[in-house]
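In: structure, please.
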Amino acid sequence: MSRVAKMPVAIPQGVDIAINEAQINVKGALGTLAQAQNALVIIKNDDGKLSFEPANDSRQANAMSGTMRQLVNNMVTGVTKGFEKKLSLIGVGYKAQAQGAKLNLTVGYSHPVVIDMPAGITVATPTPTEVVIKGSDRQRVGQIAAEVRAVRPPEPYKGKGIRYSDEKITIKETKKK
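Out: Residues are numbered from 1 along each chain as shown. The predicted structure is shown next:
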């Protein structure tokens with residue numbers, strides 16, 4: 001059995017979980033999330049703890065039990081605490097501005113780049129060179145952060161561009177004579 005699947009998922013106070021044959025619904029203070037149920041995994045609810053077991057002895061069922069456990073754990077964490085990604089803008093004149101559900105980026109192009117945020121995702125700019133993306137769905141928060149970073153990824157010679165706040169960029173040495 002998968003090591004990850006052996007650990008049960010504790011259900012905190014204020015979180016409701018509904019398990020059907022088709023999907024798993026998790027409802028909490030920060031919203032509602034749904035995940036498609038997999039036939040290779042058996043999910044049991046025992047007094048506020050979810051346990052995940054493979055349906056058969058196949059390698060795929062074993063792997064999927066750990067995957068489903070982590071997906072449900074991320075859903076529970078998302079509806080209680082939420083997830084956030086921080087991005088930094090490095091470069092002269094680079095700035096970001098949050099306008100409701102839109103992010104307006106000025107990153108060296110001849111025009112400003114406007115990115116619409118989907119429902120459930122909020123964006124904030126504590127400083128003009130910092131962007132914070134928050135939401136309850138871990139995958140969507142990471143995807144939006146990756147799309148924002150792709151507007152102007154950091155270049156290897158000066159390090160200018162949009163990067164994650166904890167990202168290390170290896171600066172290349174310039175050409176010598």
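In: quick check: residue 137 touching residue 33?
Out: Yes: the criterion here is Cβ atoms under 8 Å, and residue 137 meets it with residue 33 at 6.0 Å. C-betas here are computed from N, CA, C, even on glycine.
In: overlap in contacts, the two.
Out: Counting by Cβ atoms under 8 Å, 6 or more residues apart in numbering, the shared contacts of residue 137 and residue 33 are residue 78.
In: go through this structure and flag its longest strand.
Out: Longest strand of the chain, by residue count under DSSP state E: strand 83-90.
In: elements contacting the helix or strand that it is followed by?
Out: Going down the chain from strand 83-90, the next helix or strand is strand 95-99, by DSSP states H and E. Secondary-structure packing of strand 95-99 (3 or more Cβ pairs under 8 Å, 6 or more residues apart in numbering; DSSP states H and E): strand 102-106, strand 130-135.
In: quick one: the strands in this protein?
Out: Counting by DSSP E, the chain has strands at residues 9-10, 16-19, 23-28, 31-36, 41-46, 49-54, 83-90, 95-99, 102-106, 113-116, 121-124, 130-135, 161-164.
In: and the contacts of the shortest one?
Out: Right, strand 9-10. Here strand 9-10 makes contact (Cβ under 8 Å, 6+ apart) with 48-50, 52, 69, 72-73, 76.
In: and the closest residue to residue 101 other than its chain neighbours, how many neighbours?
Out: Spatial nearest neighbour of residue 101, chain neighbours left out: residue 117 (4.7 Å); criterion: Cβ to Cβ, 6 or more residues apart in numbering. By other Cβ atoms under 10 Å, 18 other residues sit near residue 117.
In: how close does residue 117 get to residue 77?
Out: Distance of residue 117 to residue 77, given as Cβ to Cβ, to the nearest Å: 21 Å.
In: same deal with residue 177?
Out: As judged by Cβ to Cβ, residue 177 and residue 77 stand 54 Å apart.
In: looking at the two, which is more packed in?
Out: Taking other Cβ under 10 Å, residue 177 and residue 77 do not tie; residue 77 has more neighbours (19 against 2).
In: ok, now which ones touch that one?
Out: Applying Cβ under 8 Å, 6+ apart to residue 77 gives the contacts 83, 138.
In: quick one: list the elements packing against the lowest-mean-pLDDT helix or strand in the chain.
Out: Ranked by mean pLDDT, DSSP states H and E, the weakest helix or strand in the chain is helix 3-6, scoring a mean of 88. Using 3+ Cβ pairs under 8 Å, 6+ apart as the contact test, the elements touching helix 3-6 are strand 49-54, helix 59-80.
In: possible to save those as TSV with distance to residue 129 and mean pLDDT?
Out: Formatted as TSV, these follow (distance: least, Cβ to Cβ, whole Å; pLDDT from 0 to 100):
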stretch	distance to residue 129	mean pLDDT
strand 49-54	41	93
helix 59-80	27	95
